[in-house]
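# here is the input, now give the coordinates:
(2 chains)
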There are 2 protein chains.
Amino acid sequence: MRPTPPERAAVITSKENQWLKRYRAALAGERNAPKGLMGLEGAKLIETALDAGLQVESILVSESGKRHLSRLGHKVPSSTRILRTTDRLFASVSETRSPQGVAALVHARSASLDDLLRGTALIAVLIGVQDPGNVGTILRAAEAFGATGAATCAAGATGTANPFAPKAVRASAGSVLTLPILPGISFTILLAQLRVAGVRIFAAVPTAHAPTEHGDAALPPLLAPWEANWKPPSALLIGNEGAGLPFELVRSADARVSIPQAARGKGAGPESLNAAIAAAVLLYEASRQRGGVS
Amino acid sequence: MRPTPPERAAVITSKENQWLKRYRAALAGERNAPKGLMGLEGAKLIETALDAGLQVESILVSESGKRHLSRLGHKVPSSTRILRTTDRLFASVSETRSPQGVAALVHARSASLDDLLRGTALIAVLIGVQDPGNVGTILRAAEAFGATGAATCAAGATGTANPFAPKAVRASAGSVLTLPILPGISFTILLAQLRVAGVRIFAAVPTAHAPTEHGDAALPPLLAPWEANWKPPSALLIGNEGAGLPFELVRSADARVSIPQAARGKGAGPESLNAAIAAAVLLYEASRQRGGVS
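Modelled structure (predicted):
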């Protein structure tokens, strides 16, 4: 009898290693990651990226991922580098329990304000929305309700979660790949540009907002969603999950929009709707007034 | 110098042990848990339950939870049993990282169909909604948009997640404590009762539904949310996250309602909106047509 050979050590080629390093950096949104490079896992997201005309730089495919890749084959341009690896190594970078065995490095679309203003603008402006799941869900609703684009801004020290990070991409069901997005733009600059373009600015505010120290006199009118006129070019400002929009931003809007909610009997006022739900409802209202989307 | 005494073992009294057992069973929704008993953690949820007039059977309070309990003190009826414990023992049952130190066993409201039909009925009927987070979010939206109640049903072998389980309670921001809910009712029985009460039945369906083998001839009319008339007493049927509503149920509705969504260029049709987002948008539409809530 021959002795059982020692288990073969997993050999990582330097090509694989280099790719995995860049992929992990892209997933983590690290500083040393090439700017605008996204890591996408799974055939569906990669197909959405290809259909949207994004530049798919390279695809990592494991043994069991081959059939997924061959299904996409005719859509993959010849400029895309294909790197083959083992299921075992793939599993080490996968974010899912049962990996499909395909992942890609994709360049995010770099949108300009002109892209967002195409047609009758409807722009979702996320300001200090911290949860990547909420960011993705809002962008998904924006695409569904015919928004022309979205922008992400910081509220003071509170940034909006990266729309191209894995959690946001997944929650968006791929909408971050198809919707023109201006990530991380200064709100002051954006506001000036929107004003020049004649876009109306609506600030989403909670129903039961505490009386501010500033009083309401200085604030723009408070409207129910159906009282606001969403037919002209419009932008909707959506604030942080807890703190909402900074006072200065609310003051600079053309109107405040608040979703009427049933009061909860005695005790405290109603809990605010989840930020993503509220944003989706307002984007639906805009779409309804515009006669729906097709 | 005296030797350091050995660390004192945590002593669990039999009273504590008995309470913790019932609390854990209630959280897990185990069969041997007393029916309709919910485990609630945190001062806010317990206050909501007290304000809603629910029967708070007992409260477990740790050393650091005392200040929360004393804030609620005047609302706690004398019939509520208070059990004191250590922070250490409390942490062992807590579902949060930084526990407040108060938890309660509360009897869920047992709602009747008459409760749901009070006023101009607007009833959310969840049929095979499997994710507890979605169940809670939908019930939260139902309360916010003035629904008179909700019911949960199974779709064949697929049950709707328990609305009184911890994840659903948290996602509902306490709405499961205030909204009349009929949990786990047979849809056939519910439908017959809604028909007798003259309630219109709307079935939420995805926009891009695949042509069925049955054809569309046998199906009720397909309406945009704003084409449906939500002013009379209405019930909205919401189906499973993936499979939607069973065909037989869709056929038994007075109308199908579908939210128009922008198509995603070439490639596949649009991804359906998340079940909770879709339900919230439809409930908003009903509320809008009824002139909002107050």
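# report the contact partners of A:Leu273.
If a contact means CB atoms under 8 Å, 6 or more residues apart in numbering or on different chains, then A:Leu273 has A:259, A:261, A:281, B:140-141, B:144, B:280 as its contacts. Using the backbone N, CA and C atoms, a C-beta is placed for each residue, glycine as well.
# likewise for A:Leu179?
Per CB under 8 Å, 6+ apart, neighbours of A:Leu179: A:139, A:142-143, A:147, A:149-150.
# not counting its neighbours along the chain, what's nearest it?
Closest residue in space to A:Leu179, ignoring its immediate chain neighbours: A:Glu143 at 4.8 Å, by CB to CB, 6 or more residues apart in numbering or on different chains.
# where's the one you found, which helix or strand?
helix A:132-144 (DSSP states H and E).
# in that helix, what's buried?
Neighbour-count burial for helix A:132-144 flags A:132, A:134-144 (criterion: 16 or more other CB atoms under 10 Å in any protein chain shown).
# same thing with stretch A:122-133?
Under 16+ other CB under 10 Å, the buried positions of stretch A:122-133 are A:122-132.
# touching chain B at all, it?
No. Contact of stretch A:122-133 with chain B (CB under 8 Å from any CB of the partner chain) is absent, the minimum separation being 10.2 Å.
# straight-line length of that stretch, end to end?
21 Å (CA to CA, to the nearest Å).
# stretch A:42-61 too?
First-to-last residue span, stretch A:42-61, CA to CA: 10 Å.
# buried residues, that stretch. List them.
Quick answer for stretch A:42-61 (16+ other CB under 10 Å): A:42-52, A:54-61.
# what is the nearest of the contacts of A:Leu273 to B:Leu27?
Within the contacts of A:Leu273, proximity to B:Leu27 (CB to CB) peaks at B:Arg140, which comes in at 19.9 Å.
# which residues in the stretch 101-250 of chain A form strands?
Here the stretch 101-250 of chain A has its strands, by DSSP state E, counting those that start in this stretch, at A:102-107, A:122-127, A:149-153, A:181-182, A:200-204, A:222-223, A:234-238.
# A:Val169 is nearest to which of the ones you listed?
Across these, closest to A:Val169 is strand A:102-107 (CB to CB), at 9.9 Å.
# before we move on, back to that, OK, contacts around the residue nearest to A:Leu179?
So A:Glu143 contacts A:172, A:175, A:178-179, B:262, B:264, B:270 (CB under 8 Å, 6+ apart).
# of those residues, closest to B:Leu69?
Nearest member of the contacts of A:Glu143 to B:Leu69, counting by CB to CB, is A:Ser172, at 42.4 Å.
# show me the contacts for the closest residue to the closest one other than its chain neighbours.
Spatial nearest neighbour of A:Ser172, chain neighbours left out: A:Gly136 (3.8 Å); criterion: CB to CB, 6+ apart. Counting by CB under 8 Å, 6+ apart, A:Gly136 makes contact with A:163, A:167-173, A:175-176.
# for the stretch 1-150 of chain A, give me the ranges with low pLDDT.
For the stretch 1-150 of chain A, the stretches with pLDDT under 70 are A:1-11, A:29-34.
# give me the residue from it nearest chain B.
Residue of the stretch 1-150 of chain A nearest chain B, by CB to the nearest CB: A:Asp51 (3.7 Å).
# quick check: that residue touching A:Lys75?
Yes. With contact defined as CB atoms under 8 Å, A:Asp51 counts as touching A:Lys75 (7.3 Å).
# common neighbours of the two, please.
With the criterion set as CB under 8 Å, 6+ apart, the contacts of A:Asp51 and A:Lys75 do not overlap.
# circling back: of the buried residues of stretch A:42-61, which belong to helices?
Secondary-structure check on the buried residues of stretch A:42-61 using DSSP state H: residues within helices are A:43-51.
# nearest residue to A:Gln261 other than its sequence neighbours?
B:Ala144 is the one closest to A:Gln261 (CB to CB, 6+ apart), at 4.1 Å.
# could you do A:Ala142 as well?
Here the residue nearest A:Ala142, using CB to CB, 6+ apart, is A:Ala124, at 4.4 Å.
# now do A:Leu50
A:Lys75 (4.4 Å).
# before we move on, what about A:Lys66?
Closest to A:Lys66 by CB to CB, 6+ apart is A:Gly101, at 7.5 Å.
# that neighbour against A:Leu89, yeah?
No. Counting by CB under 8 Å, A:Leu89 is not a contact partner of A:Gly101; they are 10.4 Å apart.
# which neighbours do those two share?
What both A:Gly101 and A:Leu89 touch, as defined by CB under 8 Å, 6+ apart, is the set A:Ser62.
# the two: which is more packed in?
More neighbours surround A:Gly101 than the other of A:Gly101 and A:Leu89, with 24 against 18 (other CB atoms under 10 Å in any protein chain shown).
# run through who's touching stretch A:113-120.
Under CB under 8 Å, 6+ apart, the answer for stretch A:113-120 is A:123, A:148-151, A:180, A:182, A:190, A:193, A:197, A:199, A:231-233, A:290.
# what pLDDT does the spatially most central residue of chain A get?
Against the mean C-alpha coordinate of chain A, by CA atoms, centre = their mean, the closest residue is A:Pro163 at 3.5 Å. On the pLDDT scale, A:Pro163 is placed at 93.
# can I take it that A:Ser64 is in a strand?
No. Using DSSP: H, G, I helix; E, B strand; the rest coil, the secondary structure at A:Ser64 is helix, not a strand.
# so what's the nearest residue to it once chain neighbours are set aside up against?
Distance criterion CB to CB, 6+ apart; nearest residue to A:Ser64, sequence neighbours excluded, is A:Gly101 at 4.5 Å. Residues near A:Gly101 by CB under 8 Å, 6+ apart: A:61-66, A:68, A:87, A:90.
# of the residues you listed, buried ones?
A:61-62, A:65, A:68, A:90.
# just put those residues in CSV and tack on distance to chain B.
Output for these, formatted as CSV (distance: CB to the nearest CB, whole Å):
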residue, distance to chain B
A:Val61, 20
A:Ser62, 24
A:Gly65, 20
A:His68, 15
A:Phe90, 25
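# what's the farthest-apart pair in these?
Spatially, the most separated pair among the buried ones among the contacts of A:Gly101 is A:His68 and A:Phe90, at 11.7 Å (CB to CB).
# assign A:Leu282 to one of the three secondary structure states.
Per three-state DSSP, A:Leu282 ends up helix.
# show me chain A divided up by domain.
Listed domain ranges for chain A are A:14-107, A:113-289 (source: automatic domain parsing).
# any chance of the strands of the stretch 101-250 of chain A in a markdown table, plus distance to B:Ala204?
Shown next, in a markdown table, are the strands of the stretch 101-250 of chain A (distance: least, CB to CB, whole Å):
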| stretch | distance to B:Ala204 |
| --- | --- |
| strand A:102-107 | 33 |
| strand A:122-127 | 24 |
| strand A:149-153 | 26 |
| strand A:181-182 | 29 |
| strand A:200-204 | 24 |
| strand A:222-223 | 27 |
| strand A:234-238 | 24 |
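# out of those, nearest to A:Gly36?
The closest of the strands of the stretch 101-250 of chain A to A:Gly36 is strand A:102-107. By CB to CB, the value is 5.6 Å.
# CA atoms of that closest one as CSV?
Extracted C-alpha coordinates of strand A:102-107, given in CSV (Å, rounded to 0.1, in the frame of the first residue of the first chain):
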residue,chain,number,x,y,z
VAL,A,102,-18.5,34.5,-10.7
ALA,A,103,-17.4,37.9,-9.5
ALA,A,104,-16.3,41.0,-11.4
LEU,A,105,-14.4,44.3,-11.1
VAL,A,106,-16.6,46.9,-12.8
HIS,A,107,-16.1,50.6,-13.3
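# what's it packed up against?
helix A:14-28, strand A:37-41, helix A:43-51, strand A:55-62, helix A:66-72 (3 or more CB pairs under 8 Å, 6 or more residues apart in numbering or on different chains; DSSP states H and E).
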